[in-house]
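> predicted coordinates and the sequence they were generated for:
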Amino acid sequence: MAIINNVAYSWSMITLASTALGIDEGSTTLEGVSGIKWSKKRKIEPNYGLGGKPVSRGFGNISYTASVTMDYATQQLLRSTYGSLMDIGEFDLIVSFANPLASEDWTTTTVTLKGCIFAEDGMESQQDDTNITHEFDLNPFDIQIGDAMSI
């Protein structure tokens, strides 16, 4: 893990942006997001021959998954603009990690969740909830990991 000036990457450094949704970095539109996940996976299987032991490895497709957890107010803000989360259409979500306390040797790290689309709209809540949140799958088409220039 990178620690620069005794500061590790943390939740407070994450910013979200989406040009397709008109959400700039630092916008309050997505301030009710309390979780973000993404994953890239490649199918890897051993290939067998004589003797019952692997003789090589085969590589299959790469799959992408991502999700975002939003509070109900953020969901409602998006619904007021688009009607339903499922009506938003495809969008890219840019996840950046930046440290405002770091010196010039800190690099902003960016992950772009490409071609996200909501396949559901809903909510869940139960007695004694103090914040109504829901995790939504983003169904990304691609995940691009890249570093921006140093701050």
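Cool, the structure landed.
> run the chain-centre distance for the longest strand seen in the chain.
Residue-count comparison of every strand in the chain, with assignments taken from DSSP state E, identifies strand 54-71 as the longest. Averaging C-alpha coordinates over strand 54-71 and over its chain gives two centres that are 14 Å apart (CA atoms, centre = their mean, to the nearest Å).
> pull the distance from the helix or strand that comes right after that strand to the chain's centre.
Counting by DSSP states H and E, the element after strand 54-71 in chain order, helix or strand, is helix 72-82. Mean-position distance between helix 72-82 and its chain equals 18 Å (CA atoms, centre = their mean).
> in helix 72-82, what's buried?
Using 16 or more other CB atoms under 10 Å as the burial criterion, the residues of helix 72-82 that qualify are Tyr72, Thr74, Gln75, Leu77, Leu78. (Glycine included, C-beta is placed from N, CA and C.)
> and the angle from the helix or strand just after that helix to strand 54-71?
Past helix 72-82, heading to the C-terminal end, the next element that is a helix or strand (DSSP H and E) is strand 91-97. Following axes from the mean of the first three to the mean of the last three CA atoms, to 10 degrees, one obtains 90 degrees for the angle between strand 91-97 and strand 54-71.
> output the below-cut-off pLDDT ranges for this structure.
1-6, 99-107, 147-151 (pLDDT under 70).
> could I get the phi/psi values of Thr130?
Main-chain dihedrals, Thr130, degrees, to the nearest 10: phi -100, psi -10.
> could you export stretch 61-74 as PDB, CA atoms only?
Written as PDB, here are the backbone C-alpha positions of stretch 61-74 (Å, rounded to 0.1, in the frame of the first residue of the first chain):
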ATOM      1  CA  ASN A  61     -13.100 -14.000 -21.100                       C
ATOM      2  CA  ILE A  62     -12.600 -11.100 -18.800                       C
ATOM      3  CA  SER A  63     -15.700  -9.900 -16.900                       C
ATOM      4  CA  TYR A  64     -16.400  -6.700 -15.100                       C
ATOM      5  CA  THR A  65     -18.600  -6.000 -12.100                       C
ATOM      6  CA  ALA A  66     -19.200  -2.800 -10.100                       C
ATOM      7  CA  SER A  67     -21.700  -1.400  -7.700                       C
ATOM      8  CA  VAL A  68     -22.500   1.800  -5.900                       C
ATOM      9  CA  THR A  69     -24.300   2.300  -2.600                       C
ATOM     10  CA  MET A  70     -26.400   5.400  -2.400                       C
ATOM     11  CA  ASP A  71     -28.700   6.900   0.200                       C
ATOM     12  CA  TYR A  72     -32.300   7.500  -0.600                       C
ATOM     13  CA  ALA A  73     -31.900  11.300  -1.100                       C
ATOM     14  CA  THR A  74     -29.300  10.700  -3.800                       C
END
